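**Q** Could you work out the structure for the sequence below:
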Amino acid sequence: MMISYVFPIITDYERQLPYYAKMVALDHPLRSTGKLNGLPNTQVILLRSGSAVLVHQEQRLKMAVGQLAFIRAGEAYEWIASDDATADSAVITHQPEMTFWDNPNTEMKSGVYHLADPEEVHGIFSAIYNTVSNRAAPDPSALSAGVFSLMAKLAQAAATSVTASLQSRYVRLKPVLDYIVEHYAESITLKTLSDLMMVTPQHLCTLFRKTMHARVFEYINLYRISVSKQLLVDVTERSIREIAGLVGFDDVSYYCFIFKRFEGLTPGEFRKNFAD
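**A** I've put the predicted structure just below:
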């Protein structure tokens, strides 16, 4: 009978690897349990059969077979599992600077994630398990690489969730983005843009920055500069002053200031470098 849990030996060498595992388990019983102070290391759990509920921060997160749970170190949690619940599990260690989950672009939080291919992730768990089980010829690098693969899949699942949320925000902003494309050469006010969405200017600014990672007028200037770059290259008979006016800048000095701020060189230098 296969032993469900394996615990790798961790020397000073293993502690220096970017990612490692303190414990790996395959198809083990997932029991109802709880930790008021969490665990000192991060946990990753793939539900293989049965059903379970992860209680975290006063939320009850239902978990279906094939879904992955991620519980950050030190965070309180509770499992409520059915009698037939089984899971693959790993307890992960890492170098502080190596974490996927602290990357603001990934936004990996403790919770339950949907997987496109649960069997592929089960295969990663199995590979990690087999590496640890081979006591005669331990391979710390292979184990570290396996844990990295597991975390990459979790990051991908988290990014998919973030992308879906981001896409819904893009849809809401589409009237504003379309208006900027059509009217960049004109004077654009915050009220005009917020009226398109029937929200307050403050709400628009918050949503815009969260979605586009730029302030509204910073984005408008970025768009104007991008159009002007094309004109600088394609319409060389036009002066820089004329091009500034064509893209919505009344003051050529301000245009040159903004251009250099974004591009690191003046419009004239840009034209010299790229125009035929």
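**Q** From here on, just use CA atoms for contacts and neighbour counts.
**A** Fine.
**Q** For the stretch 101-250 of the chain, which residues score under the pLDDT cut-off?
**A** 101-107, 135-138, 158-167 (pLDDT under 70).
**Q** All the helices of it, residue numbers only.
**A** Using DSSP state H, counting those that start in this stretch, the helices of the stretch 101-250 of the chain run over residues 118-133, 140-183, 190-197, 201-212, 216-234, 240-246.
**Q** With mean neighbour count and distance to Arg15 as added columns, please give these in TSV.
**A** As requested, the helices of the stretch 101-250 of the chain are arranged in TSV below (neighbours: other C-alpha atoms under 10 Å; distance: least, C-alpha to C-alpha, whole Å):
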stretch	mean neighbour count	distance to Arg15
helix 118-133	19	15
helix 140-183	17	10
helix 190-197	16	52
helix 201-212	16	37
helix 216-234	18	44
helix 240-246	18	57
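**Q** Adding distance to Thr11, write those out as a markdown table.
**A** Below are the helices of the stretch 101-250 of the chain laid out as a markdown table (distance: least, C-alpha to C-alpha, whole Å):
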| stretch | distance to Thr11 |
| --- | --- |
| helix 118-133 | 14 |
| helix 140-183 | 10 |
| helix 190-197 | 58 |
| helix 201-212 | 43 |
| helix 216-234 | 51 |
| helix 240-246 | 63 |
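**Q** okay, now Ala25: neighbour count?
**A** Residues lying near Ala25 (other C-alpha atoms under 10 Å) number 21.
**Q** Who is it paired with across the strands?
**A** Here Ala25 sits in beta bridges with Tyr5, Ser89, going by DSSP bridges.
**Q** Touching, it and Pro8? I think so.
**A** No: contact criterion C-alpha atoms under 8 Å: Ala25 and Pro8 do not qualify, at 11.4 Å.
**Q** ok, back up a step: relative to Met63, which of the helices of the stretch 101-250 of the chain is closest?
**A** With distances scored as C-alpha to C-alpha, the stretch of the helices of the stretch 101-250 of the chain nearest to Met63 is helix 118-133 (13.1 Å).
**Q** Mind giving me the packing neighbours of that closest one?
**A** Applying 3 or more C-alpha pairs under 8 Å, 6 or more residues apart in numbering; DSSP states H and E, we find helix 118-133 packed against strand 5-6, strand 19-29, strand 86-94, helix 140-183.
**Q** Sounds good, over and out.
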